[in-house]
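Student: Sequence and predicted structure below; questions after.
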Amino acid sequence: MTALPTDELSELDKRVLAFEHDRARHDRTKEAEIRVAFDMSPARYYQVLDRVIDLPAALAFDPQLVGRLQRLRHARTRARAARTFVAPAPDPREEER
């Protein structure tokens, strides 16, 4: 596997960006289309997409799309970090036993 210079996008990178440009929604239809169009699982596709949107060449290729995808990723990351997990209250019936 040869590494590409940071100023070049692979054909897969370009296809992923084009796909995201055409399909902004994340739903079951998109998940099925990912499997057909890229022959990979949706989880793997989103790993590739996450890598691609960090490439300077991707930003040069489609700055508006890449900026939007980076903002969405940042918002999801903030939302996950803000979640609090509270232990469930003990069941009083458990103490009676």
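Tutor: Thanks, I have it.

Student: tell me the SS of the spatially most central residue of the chain?
Tutor: Residue closest to the average C-alpha location in the chain (CA atoms, centre = their mean): Tyr46, at 4.1 Å. Look at Tyr46: counting by DSSP: H, G, I helix; E, B strand; the rest coil, its state is helix.

Student: Give the buried residues for the strand or helix carrying Arg51.
Tutor: If you go by DSSP states H and E, Arg51 is part of helix 42-52. For helix 42-52, a neighbour-count test (16 or more other CB atoms under 10 Å) marks 42, 45, 48-49, 52 as buried. Backbone N, C-alpha and C define where each C-beta goes, glycine included.

Student: With just CA atoms, put the longest helix along the chain into PDB.
Tutor: Ranked by residue count and defined by DSSP state H, the top helix of the chain is helix 63-82. Provided in PDB are the C-alpha atoms of helix 63-82 (Å, rounded to 0.1, in the frame of the first residue of the first chain):
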ATOM      1  CA  PRO A  63     -14.600  23.100   1.400                       C
ATOM      2  CA  GLN A  64     -18.300  23.600   2.100                       C
ATOM      3  CA  LEU A  65     -19.000  19.900   2.400                       C
ATOM      4  CA  VAL A  66     -15.900  19.100   4.500                       C
ATOM      5  CA  GLY A  67     -16.600  22.000   6.800                       C
ATOM      6  CA  ARG A  68     -20.200  20.800   7.300                       C
ATOM      7  CA  LEU A  69     -19.100  17.200   8.000                       C
ATOM      8  CA  GLN A  70     -16.400  18.400  10.400                       C
ATOM      9  CA  ARG A  71     -19.000  20.600  12.300                       C
ATOM     10  CA  LEU A  72     -21.400  17.600  12.500                       C
ATOM     11  CA  ARG A  73     -18.600  15.300  13.800                       C
ATOM     12  CA  HIS A  74     -17.600  18.000  16.400                       C
ATOM     13  CA  ALA A  75     -21.300  18.400  17.500                       C
ATOM     14  CA  ARG A  76     -21.700  14.600  17.900                       C
ATOM     15  CA  THR A  77     -18.400  14.400  19.900                       C
ATOM     16  CA  ARG A  78     -19.600  17.200  22.200                       C
ATOM     17  CA  ALA A  79     -23.000  15.600  22.700                       C
ATOM     18  CA  ARG A  80     -21.400  12.300  23.600                       C
ATOM     19  CA  ALA A  81     -19.000  14.000  26.100                       C
ATOM     20  CA  ALA A  82     -21.900  15.800  27.700                       C
END
